[in-house]
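Colleague: Could you work out the structure for the sequence below:
(one chain, ligands or ions: 1)
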Amino acid sequence: MITIISATNRLGSITYKVAMLYSEVLSKMDVKHQIFDLSHLPNDFIFSNFDDTSTDDFVKHFDKYIIKADRFIVISPEYHGSYPGIFKAFIDCIGNEGIKEKKVALVGVSSGRAGNLRGLDHLSALFHHLRAEVYSSKSKLSLIHKLFNEQDVLDDSDTLKLIQNQINGFLTF
Ligand SMILES: Cc1cc2nc3c(=O)[nH]c(=O)nc-3n(C[C@H](O)[C@H](O)[C@H](O)COP(=O)(O)O)c2cc1C
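Modeller: Okay, the predicted model is just below:
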């Protein structure tokens with residue numbers, strides 16, 4: 001089971017649309033997967049699940065999306081030159097349980113030109129610290145608002161090819 005993590009809590013995020021696109025590609029390939037949208041976490045999770053405290057609602061998300069997964073595709077927007085704080089807060093709540101020794105593919109999303117290149121480096125360092133295996137081919141989707149058309153379809157053939165190639169490689173990684 002692959003969990004696609006949409007690593008932001010911003011409602012209406014383009015990152016979630018990219019997560020849906022990865023989901024469509026995996027569905028066409030008949031690969032079992034699910035999307036974990038961080039905006040669905042309980043609002044106070046960082047206080048109520050930190051340092052020996054936990055809530056049933058948070059544990060439900062943790063079991064379903066982290067423990068039951070054997071691989072992750074982390075789709076991360078660029079926020080102030082890095083990945084969103086909510087993702088680090090989530091990791092600080094769980095540590096490396098359910099992540100250690102699993103495989104991770106990374107995707108950066110930005111409205112600027114960098115495609116969250118620096119955030120992907122920060123995430124690589126984070127996952128290596130957690131002793132997960134990071135796939136070396138990372139998608140950097142820059143100028144993202146220009147890639148989706150008015151029907152919310154990503155109609156850029158080069159980007160679609162890049163995504164397909166990343167997924168093909170990750171499945172045999
Ligand atoms: C808090 C915040 C910080 C941001 N910082 C950057 C940035 O440093 N570089 C950049 O290219 N875009 C930045 N953006 C714009 C996002 O890249 C843009 O919103 C893009 O659509 C991906 O984010 P989304 O998934 O929230 O839509 C920022 C957006 C937010 C909400």
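Colleague: Next, the contact list for the residue of the chain found nearest the ligand, please.
Modeller: Taking CB to the nearest ligand atom, the ligand has its nearest neighbour within the chain at residue 112, 2.4 Å off. All C-beta spots, glycine's among them, are computed from the backbone N, C-alpha and C. Contacts for residue 112 (CB atoms under 8 Å, 6 or more residues apart in numbering) come out as 78, 142-143.
Colleague: could you pick out which of the residues you listed are near the ligand?
Modeller: For the ligand, the contacts drawn from these by CB under 6 Å from any ligand atom are residue 78.
Colleague: so how many other residues sit close to the nearest residue to residue 41 once chain neighbours are set aside?
Modeller: Closest residue to residue 41 apart from its sequence neighbours, by CB to CB, 6 or more residues apart in numbering: residue 61 at 6.3 Å. Neighbours of residue 61 under the rule other CB atoms under 10 Å: 20.
Colleague: I'd say residue 61 and residue 37 touch.
Modeller: No: at 10.0 Å, residue 61 does not count as touching residue 37 under the criterion of CB atoms under 8 Å.
Colleague: Please enumerate the strands of this structure.
Modeller: 2-6, 33-37, 71-77, 103-109, 133-134, 139-141 (DSSP state E).
Colleague: What is the last one packed up against?
Modeller: Applying 3 or more CB pairs under 8 Å, 6 or more residues apart in numbering; DSSP states H and E, one finds that strand 139-141 makes contact with strand 103-109, helix 157-171.
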